[in-house]
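**Student:** coords please:
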Amino acid sequence: MNPASIDPTAVVHPAAELDDDVTIGPHAVIAARVRIGSGCSIGASAVIQGPTILGEDNKVHAMASIGGDPQDLKYDGEDTTLSIGSRNCIREFVTINRGTVGGGGQTVVGDDNLLMAYAHFGHDCIVGNRSVFANAATLAGHVEVGDDATVGAYSGVHQHCRVADHAFIGGYSVVTQDAMPWVLTVGNRATSHGVNIVGLRRSGLPKETIRAIKQCYMTLFRSKLGLDEAAKQVQQAYGELPEIRYFLEFVRSSNRGVCR
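**Tutor:** Below you'll find the predicted structure:
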């Protein structure tokens, strides 16, 4: 292990904690109560405020602003946090805010996510793993994103919405309800446009599972059945599949409704 490499022009607070093999670029600012895990690189003029924890091998590119105060008029300097996992790629001008007391006090980002330039995660967001957020994709406060999701360029997700595992939100969309798993969600206001066949084929799921997901979507949202009756039919036909159980539970547990 090599000691942290800090450019002479960078400003690193004495109370910041840097593990081995961390690289801090020119004019970067690392505030107090920031912990950066081994193998992370922080680009030129990036700013990381605390309390914030970064796991290992994250790449934060130039001009990103991580761990700033929440953009919430109710925020009054309370001690809230941001936690970021490992192996995330955070590109230029990305902003990620800490949590608020009213929203649980923390913003959480998982592992292996790609945040393209100008993406924004608002306060109290909970983001999973392996998701892609294209340029200027925006999560308002209190948004939950599962694993393996895609949020297209210049799309915005409304407060308290959920984006399911494997959801696909097209570019320039305005999402005001929950985006379903394996479904193409597109538009202003966003609606569903069938299952994401390309994504399903790339996922490596068995053909039988893919057919079941397609049929689940068609029965729930393209038949003339009421939602409860449609869900009952899907449960009886395909309820042994974990993907179908997840789909049904996601729809049933929605507080804002799903993008239909």
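
**Student:** where does this structure dip in pLDDT?
**Tutor:** Scanning the chain for pLDDT under 70 picks out no residues.

**Student:** alpha carbons only: can I get the longest helix belonging to the chain in PDB?
**Tutor:** Identified as the longest helix of the chain according to DSSP state H is helix 207-221. Only the C-alpha atoms of helix 207-221 are listed here, as PDB (Å, rounded to 0.1, in the frame of the first residue of the first chain):
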ATOM      1  CA  LYS A 207     -36.600 -17.400 -21.800                       C
ATOM      2  CA  GLU A 208     -39.400 -18.800 -19.600                       C
ATOM      3  CA  THR A 209     -38.800 -16.000 -17.000                       C
ATOM      4  CA  ILE A 210     -38.800 -13.400 -19.700                       C
ATOM      5  CA  ARG A 211     -42.100 -14.600 -21.100                       C
ATOM      6  CA  ALA A 212     -43.500 -14.600 -17.500                       C
ATOM      7  CA  ILE A 213     -42.500 -11.000 -17.000                       C
ATOM      8  CA  LYS A 214     -44.100 -10.000 -20.300                       C
ATOM      9  CA  GLN A 215     -47.300 -11.800 -19.400                       C
ATOM     10  CA  CYS A 216     -47.300 -10.300 -15.900                       C
ATOM     11  CA  TYR A 217     -47.100  -6.800 -17.400                       C
ATOM     12  CA  MET A 218     -49.800  -7.500 -20.000                       C
ATOM     13  CA  THR A 219     -52.200  -9.000 -17.500                       C
ATOM     14  CA  LEU A 220     -51.700  -6.200 -14.900                       C
ATOM     15  CA  PHE A 221     -51.800  -3.200 -17.300                       C
END
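
**Student:** following the chain past that helix, name the next helix or strand.
**Tutor:** Scanning forward in sequence from helix 207-221 by DSSP states H and E, the next helix or strand is helix 227-238.

**Student:** ok, back up a step: could I get the buried residue list for the longest helix of the chain?
**Tutor:** 209-210, 212-213, 215-217, 219-221 (16 or more other C-beta atoms under 10 Å). No exception for glycine: its C-beta is placed from N, CA and C like everyone else's.

**Student:** between these, which is closest to residue 56?
**Tutor:** residue 209 (33.4 Å; C-beta to C-beta).

**Student:** what about the closest one, distance to residue 203?
**Tutor:** 9 Å (C-beta to C-beta, to the nearest Å).

**Student:** likewise residue 251?
**Tutor:** 20 Å.

**Student:** which of those two has more residues huddled nearby?
**Tutor:** residue 251 (21 against 14; other C-beta atoms under 10 Å).

**Student:** is it fair to say the more buried one lies in a strand?
**Tutor:** No: Residue 251 is assigned helix when assessed by DSSP: H, G, I helix; E, B strand; the rest coil, not a strand.

**Student:** got a list of what it touches?
**Tutor:** 180, 220, 227, 231, 258 (C-beta atoms under 8 Å, 6 or more residues apart in numbering).

**Student:** swap in 10 Å and give it another go.
**Tutor:** Applying C-beta atoms under 10 Å, 6 or more residues apart in numbering to residue 251 gives the contacts 164, 178, 180-181, 216, 220-221, 227, 230-231, 234, 257-258.

**Student:** okay, now stretch 130-150: how far is its last residue from its first?
**Tutor:** The first and final residues of stretch 130-150 sit 9 Å from each other (C-alpha to C-alpha, to the nearest Å).

**Student:** no further questions, thank you.
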